[in-house]
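Engineer: heads up, no residue letters with this:
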């Protein structure tokens, strides 16, 4: 069935992404490529405090990285795997249009 440790690591990643707030942050970071806490707060409708707490968890598990730009910290996705995962599972506007046309 594969390496048990690797499977456990992926299960933890999926549990982090399963939370709607954290997923919203990851999707926002995906599209922005690099973004501050304040901009993430505006994009997701979350408070700065909630964004910071979620980002701390995402950083601890290696899903995002931070880069200081003067006084502002900008966040980006940590690796190509997370980027690809979000890209592959995000809703595609054209698939929604196709569903509406069929229904």
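Structural biologist: Received, thanks. Worth saying up front: this structure is predicted, and the values here are computed from it rather than measured.

Engineer: check contacts around residue 41.
Structural biologist: 47, 48, 50, 51 (C-beta atoms under 8 Å, 6 or more residues apart in numbering). To be clear about C-beta, it is placed using only N, CA and C from the backbone, and glycine gets the same treatment.

Engineer: Do a quick rundown of the helices in this structure.
Structural biologist: 4-17, 20-32, 37-44, 48-60, 80-89, 93-102 (DSSP state H).

Engineer: Columns mean pLDDT and distance to residue 73 on top of those helices, output as JSON lines?
Structural biologist: Listed next are the helices of the chain as JSON lines, based on pLDDT from 0 to 100; distance: least, C-beta to C-beta, whole Å:
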{"stretch": "helix 4-17", "mean pLDDT": "87", "distance to residue 73": "20"}
{"stretch": "helix 20-32", "mean pLDDT": "94", "distance to residue 73": "12"}
{"stretch": "helix 37-44", "mean pLDDT": "97", "distance to residue 73": "7"}
{"stretch": "helix 48-60", "mean pLDDT": "96", "distance to residue 73": "9"}
{"stretch": "helix 80-89", "mean pLDDT": "83", "distance to residue 73": "18"}
{"stretch": "helix 93-102", "mean pLDDT": "50", "distance to residue 73": "31"}
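
Engineer: how much space between the nearest residue to residue 26 once chain neighbours are set aside and residue 48?
Structural biologist: What sits nearest to residue 26 in space, not counting adjacent residues and going by C-beta to C-beta, 6 or more residues apart in numbering, is residue 86, at 5.8 Å. According to C-beta to C-beta, to the nearest Å, residue 86 stands 23 Å off from residue 48.
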